[in-house]
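>>> Return a 3D structure for these sequence lines:
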Amino acid sequence: MIFKPKQLGKVSLPQETVVAEKKSCRRFGPCGIGKEAIYLNSFYFERRYYLAIKSVKRIFKRVAMSKGGFTGRGVFASIPYLVVEYDNGQVKQCNFKVEDDVDMFLEAFARIRPDVPLHSKEAERKLQEKAKREAARYRKELTPQAQSAWNELEQAKKRLENDPGKSNRLARAAKNKRRNDQANPAYKWVALAIVLAGALCAAYGVYTLVTHDTTGIYWTLLGLAAVFFFSGAHVLPTARNNRRAIDREWEQAREDMKTAVGPDFPVPPQYAHPVVLQRMIRIIREGRAQTVPEAFELMKKDLKALNSSVQVEQEEYDEVVLIKPIFLLCNYE
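I've put the predicted structure just below:
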């Protein structure tokens, strides 16, 4: 191993344990979770540091939005970070390329340390205020029919939360397919051409350096910059990043969910996600619907009304970007 993970925090682990865990840990983007520690990235290297799990005091997601961030436009629509607070107020911030990886990291960590807060202090304050506003919105008493619908949805939601892998896969596959369907296919081949040109440029730079031409370093750096930038941008056509593979992943995710939930699930299997059920529960608790089918139709109507021109809170935004690609692909049917 070229780089042994460096220690963060006061708790030190045996070097052989750290080295072994780094190899076998569950990986989420550039970070990972082992039995004894979490492994965090530096700006350039994945899993460069380790921090004992018992040292973590707070861990949460932070998203830096650029212009057009909520619409998915702009050079960097959103830049997700994993923020870890440990020991006496020390903080480590880790940059990610894919926001879903941060969510999956937090979800996995919460199972290990359910006592650790998953939001910043400011976010917790806002969530408490929002909870009070929502409580005022909900009806104190529901009809027996509405109460029965709420109970049915709660049971279905817990069922999905007990096995989150299939729901997460469904949402991720829908997001990938939606992004692929909207993207111009020519972009991938342009990116591939740039990467090949960058590789040739780097090779030429190395050759000129060998022949003692000092300008070769510039050609090498330029070529490597092009290769690394476009290789990490998830636009190159690969065995997994192509239309056929993405379509196959989407269809397989739908079939797996259909098999998992069975015919008696309160919503169609392609929409079986905890967020969908949670939004339906809110509608029933607000008194806007009395039955599950009514809540489902109102939930779809609300979702259709949310577009790039509508400003929403961060929590609402997270829910919408997670499930709306599923409804768009299925035409809300």
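
>>> what's the burial count for Q182?
When counting by other Cβ atoms under 10 Å, one arrives at 9 neighbours for Q182. Where C-beta positions appear, they are placed from N, C-alpha and C, glycine not excepted.

>>> hmm, I was thinking of R125
There are 11 residues near R125, going by other Cβ under 10 Å.

>>> That one is in what secondary structure piece?
Taking DSSP states H and E as the criterion, R125 maps to helix 121-137.

>>> Give the buried residues for that helix.
Judged by neighbour count (16 or more other Cβ atoms under 10 Å), helix 121-137 contains these buried residues: A123.

>>> helices or strands up against the following helix or strand past it?
Next helix or strand after helix 121-137 toward the C-terminus (DSSP H and E): helix 144-162. The contact analysis (3 or more Cβ pairs under 8 Å, 6 or more residues apart in numbering; DSSP states H and E) places helix 144-162 against helix 274-285, helix 292-305.

>>> nearest to V206, of these?
Among the helices and strands packed on helix 144-162, the nearest to V206 by Cβ to Cβ is helix 274-285 (50.2 Å).

>>> can you list contacts of that closest one?
134, 138-139, 142, 146, 149-150, 153-154, 156-157, 160-161, 164, 167, 266-267, 289-290, 292, 295-296, 298-299, 302-303, 319, 322-323 (Cβ atoms under 8 Å, 6 or more residues apart in numbering).

>>> Please convert the buried members of the residues you listed into PyMOL selection syntax.
The PyMOL command for the buried members of the contacts of helix 274-285 (criterion: 16+ other Cβ under 10 Å) is given here:
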select buried, resi 142+146+149+150+153+156+157+160+167+266+267+289+290+292+295+296+298+299+303+319+322+323
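
>>> hang on, the earlier thing: looking at the helices and strands packed on helix 144-162, which is buried most?
Across those, averaging neighbours per residue (mean count of other Cβ atoms under 10 Å) puts helix 274-285 on top, at a mean of 22.

>>> What's the mean pLDDT across that helix?
The average pLDDT for helix 274-285 rounds to 93.

>>> same deal with stretch 14-25?
Averaging pLDDT along stretch 14-25 gives 91.

>>> centre of the chain versus the helix holding R125, how much separation?
23 Å (Cα atoms, centre = their mean, to the nearest Å).

>>> Stretch 195-210 now?
Offset of stretch 195-210 from its chain centre (Cα atoms, centre = their mean): 36 Å.

>>> same thing with stretch 191-202?
That offset, for stretch 191-202, works out to 30 Å (Cα atoms, centre = their mean).

>>> for stretch 271-287, same thing?
Its chain's C-alpha centre and that of stretch 271-287 lie 21 Å apart, by Cα atoms, centre = their mean.

>>> distance of the closest residue to R47 other than its chain neighbours from R137?
Leaving aside its chain neighbours, R47 sits nearest to Y39 (3.8 Å; criterion: Cβ to Cβ, 6 or more residues apart in numbering). From Y39 over to R137 the distance is 42 Å, taken as Cβ to Cβ, to the nearest Å.

>>> And what about N307, helix, strand or coil?
Secondary structure for N307, judged by DSSP: H, G, I helix; E, B strand; the rest coil, is coil.

>>> mind listing what's buried in whichever strand or helix holds R172?
Per DSSP H and E, R172 falls inside helix 164-182. Neighbour-count burial for helix 164-182, counted by 16+ other Cβ under 10 Å, picks out 166-178, 180.
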